[in-house]
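Trainee: what follows is a predicted structure for the sequence shown.
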Amino acid sequence: MRFGICTSIDNIESLEKWGYDYLEANISKIAQMEEAQFQEAVKKVESSSIKVECFNILFPKTMYLLDPASEWKPVNDYLHKAFDRMKRLSGEIVVFGSGKCRTIPSCMTFAEGHRKLVEVIRKTGEIAQQYEITVVIEPLNTGETNSINCVAEGAITIADVNLENVGLLADSFHMFKENENLRNITRVGKLWHTHVATVDGRRYPVQSDDLLEAFFKELKAINYDERMSIEGKTEDFEKDAIQALKVLKELDSK
């Protein structure tokens, strides 16, 4: 498995020094940078031996994708800019979490919301194809959104979208938070990306526990050997990042 951290591009030299394989950055912030600021970010990445292979937070919180009154053109324009910048930063994968943006409004039934969400994901995936980028759907806990709250629901959604460059992510924190059966990972059979953090406080995994061991066990059952990004909280970035990488590599080697 290859390991990274969800963090600012400003930290890429540190991740490189500590032995991480890549960095995962916030694309909604990068898309809003002035060009000069973005060029500085590009220079930092170009001078590093590791790259920004993944991006998260695809949509800014101001975009309500399922609102019946929303128009597609602003979303379309935003996505082209975001994907262009991802490509210029060597990006390959973008995570579609954005829970607030994809929340089904009260004026819609669940079925209506699901159909609309599938349409939005398909359009997003079609634009991403133009930039050779894969979109991975992130199931989120019910405290963050009311759509795609488990890995199994995510698998159904990507089946409905039916695009080769739209896949599925499993996030340990959200699965633990929802008390989701970890065997759903083996039920769906294939993942394109993973996130990891502890359920208690959504923190860096600086020590192993039964839940993390069970999460890795299910990943091994499907021969998962792609990327895993830490997406969590820390008060001591260097200490916890170094320790977490050690823990994750030990779990991966079992």
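Mentor: Done, it's in. Remember, predicted model here, so these are calculated numbers, not experimental data.
Trainee: so what's the residue count around the nearest residue to Ala152 once chain neighbours are set aside?
Mentor: Nearest non-adjacent residue to Ala152, counting by CB to CB, 6 or more residues apart in numbering: Asn184, 4.8 Å away. Backbone N, C-alpha and C define where each C-beta goes, glycine included. Counted with other CB atoms under 10 Å, the neighbours of Asn184 add up to 18.
Trainee: Asn184 contacts Asn149, correct?
Mentor: No. Judged on CB atoms under 8 Å, Asn184 makes no contact with Asn149 at a distance of 11.5 Å.
Trainee: related to what we said a few turns ago, how near is the residue nearest to Ala152 to Ile137?
Mentor: Remark: distance between Asn184 and Ile137 (CB to CB, to the nearest Å) = 14 Å.
Trainee: repeat for Leu168
Mentor: Counting by CB to CB, the gap from Leu168 to Ile137 is 6 Å.
Trainee: which residues are common contacts for the two?
Mentor: 154, 158 (CB atoms under 8 Å, 6 or more residues apart in numbering).
Trainee: Ala244 is in contact with Ile230, correct?
Mentor: Yes. Ile230 is within contact range of Ala244, at 5.8 Å (criterion: CB under 8 Å).
Trainee: residues near the residue nearest to Thr142 when sequence neighbours are not counted, how many?
Mentor: The spatial neighbour of Thr142 that comes closest, neighbours along the chain excluded (CB to CB, 6+ apart), is Asn149 at 5.2 Å. Neighbourhood size, Asn149 [other CB under 10 Å]: 20.
Trainee: now Asn149, what's its secondary structure?
Mentor: coil (DSSP: H, G, I helix; E, B strand; the rest coil).
Trainee: same question for Ser49.
Mentor: coil.
Trainee: could you do Arg122 as well?
Mentor: helix.
Trainee: distance of it relative to Glu180?
Mentor: 25 Å.
Trainee: higher neighbour count, those two?
Mentor: Between Arg122 and Glu180, counted using other CB under 10 Å, the more crowded position is Glu180 (19 against 15).
Trainee: and the strands in the stretch 1-150 of the chain, which stretches?
Mentor: Shown for the stretch 1-150 of the chain, the strands assigned by DSSP state E, counting those that start in this stretch span residues 2-6, 22-26, 51-56, 93-96, 134-137.
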